[in-house]
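Peer 1: Give the three-dimensional model of this entry:
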Amino acid sequence: MMQRRFSDLRRFLAAFTLRGFPIVLALSPLVAAPARAFAGPPQAALSAFNSYCGALETRLAQQHRSQGGVLASGTSNPNADARLQRGELIIERLTPPTGAEFQGAMLHHWRGTAFAPGVKAADLERLMKDIGAYPQHYSPQAVQSRVLSQQGDRFQVVLRVRERHIITVVSDIAYGIAFATLDAQHGYSIARSTRISEIDSPGTSAERVLDSKQEHGFLWCLNTYWSYEERDGGVYMQIESVQLTRSIPYGLGWVVGPFVESVPRESLEFTLHATCNALRR
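Peer 2: Numbering: from 1, shown residues only. Here you go, the predicted model:
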């Protein structure tokens, strides 16, 4: 029993590492499955995820109409602004208590805020829309990026992401992305995953997409929300990332719990730092 438990732990931590980038945004935490595969999230958990994101999008819509700025309250105050202008990042864990509706799954909600001095809101918007350049700006996590279709500010894209830890995890994530410019100083984007596929033997002649009976359930759903505001000689940018993963293997919460909190923080830090560096270039 103990040997099997540590084997589950090794696989769990191995895949709990995929970092984010501007649209994918904090892809961690990924959750590895034990020996058996998962066909997908429980329907109740999927419905709860969609309901949660619906409420979040309602709150963001109200936030973006606010006269006081488009960023979430709590980070739009003088003390927070001073910290951000010194180059500090503000990372917040917003994950709610998990209820019975997420049985068999876990929901993760994090927010990160940064300040990029000397740039305009239009600079950030151009960077985010230049999806083909993501591997250049967000390597090594971003491997490939393709725009499948575009209608105005709405994109259908596929991003291939890779993370090496104890094992290497490669996934293709299809997104529907909508960008919105509120005015010359304010804007936002919404990215909702429509399909997440685990890739076996990537980059080789044997490369293939694992079907629902073979994949391991590393990541089931991922929605990412950007809000940005130009003021104080630069741009404040804020990310909210909501993921649905499989639950922690029974009996491992005591050791996995702290890991769940550290990896998303590192992912948001990577994304925000990489974005600020890309804007400087």
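Peer 1: Please, which helix or strand holds the residue lying closest to residue 115 once chain neighbours are set aside?
Peer 2: Sequence neighbours aside, residue 84 is the residue nearest to residue 115 in space, at 3.8 Å (criterion: CB to CB, 6 or more residues apart in numbering). Backbone N, C-alpha and C define where each C-beta goes, glycine included. If you go by DSSP states H and E, residue 84 is part of helix 78-85.
Peer 1: ok, back up a step: residue 91 versus the residue nearest to residue 115, what's the distance?
Peer 2: According to CB to CB, to the nearest Å, residue 84 and residue 91 sit 12 Å apart.
Peer 1: anything in contact with each of those two?
Peer 2: residue 113 (CB atoms under 8 Å, 6 or more residues apart in numbering).
Peer 1: hey, where'd the strands end up in this structure?
Peer 2: Secondary structure of the chain (DSSP state E): strands at 90-93, 105-117, 142-151, 154-164, 168-183, 186-200, 208-209, 221-231, 234-246.
Peer 1: How about the second one, which residues are buried there?
Peer 2: Taking 16 or more other CB atoms under 10 Å as the neighbour-count basis, strand 105-117 is seen to contain the buried residues 105, 106, 107, 108, 109, 110, 111, 112, 113, 114, 115, 116.
Peer 1: The closest residue to residue 272 other than its chain neighbours pairs with what?
Peer 2: Nearest residue to residue 272, sequence neighbours excluded (CB to CB, 6+ apart): residue 114, at 4.0 Å. Taking DSSP bridges as the rule, residue 114 bridges to residue 237.
Peer 1: contacting residues around residue 114?
Peer 2: Residue 114 makes contacts with 84, 89, 90, 236, 237, 272, 273, 275, 276, as judged by CB under 8 Å, 6+ apart.
Peer 1: From residue 123, how far off is it?
Peer 2: 14 Å.
Peer 1: now residue 188
Peer 2: Following CB to CB, the distance that separates residue 188 from residue 123 is 16 Å.
Peer 1: When these two are compared, which one has more neighbours?
Peer 2: residue 188 (21 against 17; other CB atoms under 10 Å).
Peer 1: I'd like to know how many residues surround the closest residue to the more buried one other than its chain neighbours.
Peer 2: The spatial neighbour of residue 188 that comes closest, neighbours along the chain excluded (CB to CB, 6+ apart), is residue 227 at 4.6 Å. Applying other CB under 10 Å, we find 23 residues neighbouring residue 227.
Peer 1: ok, residue 227 - contacts?
Peer 2: Here residue 227 is in contact with 60, 63, 64, 70, 71, 72, 187, 188, 237, 238, 240 (CB under 8 Å, 6+ apart).
Peer 1: and what of residue 147?
Peer 2: By CB under 8 Å, 6+ apart, the neighbours of residue 147 are 131, 132, 155, 156, 157.
Peer 1: Now for those: which two are most distant?
Peer 2: Largest separation among the contacts of residue 147 by CB to CB: 132 and 156, giving 13.9 Å.
Peer 1: Between the two, which has more neighbouring residues?
Peer 2: More crowded of residue 132 and residue 156, by other CB under 10 Å: residue 156, with 15 against 12.
Peer 1: quick revisit: measure the residue nearest to residue 272 to residue 92 for me?
Peer 2: The gap separating residue 114 from residue 92 is 13 Å, by CB to CB.
Peer 1: repeat for residue 243
Peer 2: 15 Å.
Peer 1: So between these two, which is more surrounded?
Peer 2: Neighbours were counted for residue 243 and for residue 92 using other CB under 10 Å; residue 243 has more, 28 against 16.
Peer 1: for the stretch 151-281 of the chain, which spans come out with low pLDDT?
Peer 2: Low-confidence segments of the stretch 151-281 of the chain (pLDDT under 70): 163-168, 211-218, 249-263.
Peer 1: one more time with 80
Peer 2: Applying pLDDT under 80 to the stretch 151-281 of the chain picks out residues 162-169, 198-203, 207, 209-219, 246-267.
Peer 1: cool, the stretch 1-150 of the chain as well?
Peer 2: Judged by pLDDT under 80, the stretch 1-150 of the chain has its weakly predicted residues at 1-40, 67-68, 73-78, 98-101, 103.
Peer 1: switch the cut-off to 90
Peer 2: Residue ranges of the stretch 1-150 of the chain with pLDDT under 90: 1-42, 66-70, 72-80, 95-106, 108, 139-142.
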